[in-house]
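# generate a structure from the sequence data that follows.
(4 chains, ligands or ions: 2)
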2 protein chains.
Amino acid sequence: MFSKACEYGIKASIYIALQSIQGERVSLKKIAREINSPEAFTAKVLLQLAKIDIIKSSKGPSGGFEISKDKIDTIMLADIVFAIDGNSIYEGCALGFDTCNATKPCPIHDKFVNVREELKKMLLNTSLYELATGLEVGLTFLKQRKS
Amino acid sequence: MFSKACEYGIKASIYIALQSIQGERVSLKKIAREINSPEAFTAKVLLQLAKIDIIKSSKGPSGGFEISKDKIDTIMLADIVFAIDGNSIYEGCALGFDTCNATKPCPIHDKFVNVREELKKMLLNTSLYELATGLEVGLTFLKQRKS
DNA sequence: TCTATTTCGGACAAAATTATCTTTATTTAA
DNA sequence: TTAAATAAAGATAATTTTGTCCGAAATAGA
Ligand code: SF4
Ligand code: SF4
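Ligands and ions are numbered 1, 2, ... in the order given. Here you go, the predicted model:
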């Protein structure tokens, strides 16, 4: 569904959001530990998000990542997915044509667009805020429980 | 969404189904040309489908691939996707955990399962037959029009 | 039987994705 | 001003996916 990069991006963003709500800035190291992701690879992803101002980064001791409090509820899952995986989710087709051609559609077009629209709607309507708060109250988790 | 292998598998199956409805067996070469896919790679995919009896193959001159007429309307998109991409579509998660954990879900679980169910339903309910007939009457296409 | 045609099977190659390592730049605070 | 901490940047490596090549096996027909 999403690339690994995107998965890490989403998880990291949710974690950073939660910490930011609580007024904390978090280091790459802590993020990677918390979402169980490879540190250096996660750094690349975060850099991408930082470049388009979805997250803020600062170097030096006590540096790390954060998200402006006033942005947390306006940043949507769609923004993160788009930043990392591009518009493949929106435009990409089950049968992988370059450009979708609704007037001369591929055989599964009619069946497929519904699903795609559903996904799109979900991504567009889900804010980082609501995801982070689920975490906060302990309803949801970012790591699999240890076995 | 799907792997390239799966895309080719779907397209090829639809094309073979259409030809089979019309009583024709088709060669790999023709399939690859018709769905615009790499020949040898497509062969691997078709082999996978042949091994689990979704399609039939025969060697030698006038050999090729076909699908039993009586199977065409019972083979679902889900069968093909499952054969090639496995159950990742059904079990795979947005955040990529090994095993889904609905009791302790990841933050986007509630949002995500709807979409996944929608996709699942679509795959399970779409038969090769209806896809092929759309092609037949010229409503849908397997190749992008030439530019 | 012989030949041409076609799928099958395995090895190989290229490309894309994911991951690591090392160095550099920046910032904080002692 | 120095040292430590941290992200940024770039080189490199590993893995997975995608794609190619070639010989083997099977089959139909001459
Ligand atoms: S015609 Fe529809 S389903 Fe097919 S590739 Fe285009 S958008 Fe996707
Ligand atoms: S909790 Fe739900 S959304 Fe999250 S990984 Fe599991 S099935 Fe997917």
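# the strands in chain A, which residues?
A:56-58, A:64-66 (DSSP state E).
# can you tell me if the last one touches DNA strand C.
Read it as strand A:64-66. No - against DNA strand C, strand A:64-66 shows no contacts by C-beta under 7 Å from any atom of the strand, the least distance being 10.6 Å. (Each C-beta comes from the backbone N, C-alpha and C, glycine too.)
# pull out the buried positions in the lowest-mean-pLDDT helix or strand in chain A.
When each helix and strand of chain A is scored by mean pLDDT, DSSP states H and E, helix A:88-91 comes last, with a mean of 77. Buried positions in helix A:88-91, judged by neighbour count with 16 or more other C-beta atoms under 10 Å in any protein chain shown: A:89-90.
# just the strands of chain A: most buried one?
Ranked by mean neighbour count under mean count of other C-beta atoms under 10 Å in any protein chain shown, these are led by strand A:64-66, which reaches a mean of 21.
# show me what that strand is packed against.
helix A:4-21, helix A:28-35, strand A:56-58 (3 or more C-beta pairs under 8 Å, 6 or more residues apart in numbering or on different chains; DSSP states H and E).
# which among the ones you listed is found nearest to DNA strand C?
When the helices and strands packed on strand A:64-66 are compared by C-beta to the nearest atom of the strand, helix A:4-21 sits nearest DNA strand C, at 3.4 Å.
# buried ones in that closest one?
A:5-21.
# where do the helices of chain A begin and end?
A:4-21, A:28-35, A:39-51, A:77-85, A:88-91, A:109-125, A:128-136 (DSSP state H).
# mind putting those into CSV with distance to chain B?
Below are the helices of chain A laid out as CSV (distance: least, C-beta to the nearest C-beta, whole Å):
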stretch, distance to chain B
helix A:4-21, 5
helix A:28-35, 9
helix A:39-51, 13
helix A:77-85, 7
helix A:88-91, 8
helix A:109-125, 5
helix A:128-136, 4
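# surely residue A:58 touches residue A:25?
Yes - the pair residue A:58 and residue A:25 qualifies as a contact (C-beta atoms under 8 Å) at a distance of 7.3 Å.
# joint contacts of the two?
A:64, A:66 (C-beta atoms under 8 Å, 6 or more residues apart in numbering or on different chains).
# near the closest residue to residue A:90 other than its chain neighbours, how many other residues are there?
What sits nearest to residue A:90 in space, not counting adjacent residues and going by C-beta to C-beta, 6 or more residues apart in numbering or on different chains, is residue A:120, at 5.9 Å. Other residues lying near residue A:120 total 16 when counted by other C-beta atoms under 10 Å in any protein chain shown.
# what pLDDT does the residue in chain A that ligand 1 sits nearest to get?
Nearest residue of chain A to ligand 1 (C-beta to the nearest ligand atom) works out as residue A:93 at 2.5 Å. On pLDDT, residue A:93 comes in at 72.
# ok, now which ones touch it?
With contact set as C-beta under 8 Å, 6+ apart, residue A:93 has these partners: A:100, A:106, A:109, A:112, B:1.
# including pLDDT and distance to residue B:133, could the residues you listed go into JSON lines?
Listed next are these as JSON lines, based on pLDDT from 0 to 100; distance: C-beta to C-beta, whole Å:
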{"residue": "A:100", "pLDDT": "65", "distance to residue B:133": "21"}
{"residue": "A:106", "pLDDT": "75", "distance to residue B:133": "14"}
{"residue": "A:109", "pLDDT": "84", "distance to residue B:133": "14"}
{"residue": "A:112", "pLDDT": "86", "distance to residue B:133": "17"}
{"residue": "B:1", "pLDDT": "86", "distance to residue B:133": "24"}
